[in-house]
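# structure for the following, please:
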Amino acid sequence: MSKKHALLSPSSSKQWLKCPLSITLIKQFPPKEETSVFAAEGTSAHELGEMALLMGVDPNKYLGHKIGDFVVDEAMIEAVNIYVDYVVSLGGTYETEIKVKINDEVYGTCDTTVVCGNTLHVIDLKYGKGVEVFAENNTQAMIYALGALKKFDNTNITEVVCTIVQPRIFGDRIKTFNISAEDLINWGKQELETGCKKALDDSCLDFEIGEWCKFCKTKAHCQGMKDKTMEITRQDFASVINKKEIVLPNITTLSGTELGRIMEFADLVEGWFKAIKETATDKIHNGEPITGYKLVKGRNNRSWANKDKAEQIYSELLGKKAYETKFRSVAQIEKELKKSKEIIQDGLVNISCNPVMAKESDKRKAITSSAEIDFAEFIKK
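Numbering: from 1, shown residues only. This is a model prediction of the structure:
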């Protein structure tokens, strides 16, 4: 049986607190319930962490074992160990997979809570590495903390520490945010309660475009996203619909300020167009015509229907030619060497790093000189 998700889920709280209209759109256009391979992998990592904490078993003992849809590999063990070691290092009384509830529409499961004297620690494991998650004013963690305070009904708690453990991210893997229990409760009574009322009010049309739109499941139906896209591309939507000539701005004539403004919303605009394509595809699948478009057979992706049987047949027929082998990566060799306390010899590794665009708030040092840019591949961050 599928797990019921809260309408106002803590994980999407930044979205519905900033944009109450998104919940109304979800009611009008219910999104498909689907999970990604990344989410499934994260679920397996969470289960490994829970078992390690509850049963006190070394995660390394699960190497090669299947948890959920994934076989535990060294990368997962290394990531989970960072999470488990942090929880244990706090030294208090911990519980995992805590069901918390603020009201009938706001509830969820907190990965781990730890009580150390007068301090409540709320720890959230983020296994993903594509988007960095920050702890400061993290509404998901704050909701979990509020729910934990309510669940434990512990009047001795005066301080709350919200922690994000993101082992596979570049940069700070463990980030914390401290807030007094009193301030957290006041936030719940003011901002959270007000945000819940707005989100559940179908007549509330308040919306705000921002980074939270990236993961919104109804952005294809959002007027605000449409308007922002037209603003960024300097188009009039009526002209687009009526097939008038579309002339995009000359990129080389844009100022630094204009480029910065466009970059701020580039990911959102790309996400909106992707959502438009997915929605159009779904409509054609359901028999609704999309003017000028049709579905056609895509590229064939072949895979073994019975891999074990195929391997038995063709390994006997082809021998070693049925397999491919390659020298392992630096990281993989390094992991193997750690077991015997060896290190990679000097001069055998090249360190390369291409420059990437980042917001000014990024903690990494900016590359400013032309020499730094030309030779950035030799700079180790």
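
# is G64 in contact with F70, as I believe?
No: G64 lies out of contact with F70 (CB atoms under 8 Å); the separation is 11.3 Å. For glycine as for every other residue, the C-beta is placed from the backbone atoms N, C-alpha and C.

# quick one, which of these two is more surrounded?
F70 (18 against 9; other CB atoms under 10 Å).

# SS state for the closest residue to the more buried one other than its chain neighbours?
In this structure, F70 finds its nearest non-sequential neighbour in S44, 4.1 Å apart by CB to CB, 6 or more residues apart in numbering. Recorded secondary structure, S44: helix (DSSP: H, G, I helix; E, B strand; the rest coil).

# contacting residues around S44?
S44 is in contact with I67, G68, D69, F70, V72, M76, counting by CB atoms under 8 Å, 6 or more residues apart in numbering.

# over to T113?
Y94, E95, I98, L120, H121, V122, I123, Y144, A148, F152.

# max pairwise distance over those residues: which two?
Largest separation among the contacts of T113 by CB to CB: I123 and F152, giving 15.2 Å.

# more neighbours: which of those two?
I123 (25 against 16).

# the more buried one bridge partners, please.
According to DSSP bridges, the residues that bridge with I123 are T112, T163.

# so it sits right up against V114, yeah?
Yes: contact criterion CB under 8 Å: I123 and V114 qualify, at 6.9 Å.

# anything in contact with each of these two?
With contacts taken as CB under 8 Å, 6+ apart, I123 and V114 have V87 as neighbours in common.

# okay, D124 and I77: tell me how far apart.
20 Å (CB to CB, to the nearest Å).

# check T43 too.
16 Å.

# those two: which is more packed in?
I77 (20 against 16).

# who touches the host helix or strand of that one?
Using DSSP states H and E, I77 sits in helix 74-89. Contacts with helix 74-89, where a contact means CB under 8 Å, 6+ apart, come from 41, 44-45, 48-49, 52-53, 59-60, 62-63, 70, 94, 112, 114, 123, 125, 127, 163, 165, 167-168, 173-174, 332, 335.

# among those, which are located in helices?
Counting by DSSP state H, the part of those found in helices is E41, S44, A45, L48, G49, A52, L53, Q332, K335.

# buried ones among these?
For the ones in helices among the contacts of helix 74-89, a burial check counting by 16 or more other CB atoms under 10 Å picks out E41, S44, A45, L48, G49, A52, L53.

# grab the nearest non-local neighbour of the third one.
If you skip the residues right next to it in sequence, A45 has Y127 as its closest partner in space, 4.3 Å away by CB to CB, 6+ apart.

# pull the longest helix from the chain.
Per DSSP H, the chain has its longest helix at helix 256-285.

# which positions within stretch 17-31 qualify as buried?
Counting neighbours by 16+ other CB under 10 Å, stretch 17-31 gives L17, K18, C19, P20, L21, S22, I23, T24, L25, I26 as buried.

# where along this protein do the strands fall?
Secondary structure of the chain, counting by DSSP state E: strands at 66-67, 70-71, 93-101, 107-116, 119-125, 159-165, 174-180.

# just put these in a markdown table and tack on distance to P31.
Output for these, formatted as a markdown table (distance: least, CB to CB, whole Å):
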| stretch | distance to P31 |
| --- | --- |
| strand 66-67 | 27 |
| strand 70-71 | 25 |
| strand 93-101 | 23 |
| strand 107-116 | 18 |
| strand 119-125 | 23 |
| strand 159-165 | 26 |
| strand 174-180 | 30 |
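
# can you tell which of the ones you listed is closest to K277?
It's strand 70-71; of the strands of the chain, that one is closest to K277 (CB to CB) at 28.8 Å.

# partners of that closest one, with directions?
In its sheet, and by DSSP bridges, strand 70-71 pairs with strand 66-67 (antiparallel).

# quick one: mean pLDDT over the partner strand.
Across strand 66-67, the average pLDDT comes to 90.

# contacts for that strand?
So strand 66-67 is contacted by S44, E47, L48, V72 (CB under 8 Å, 6+ apart).
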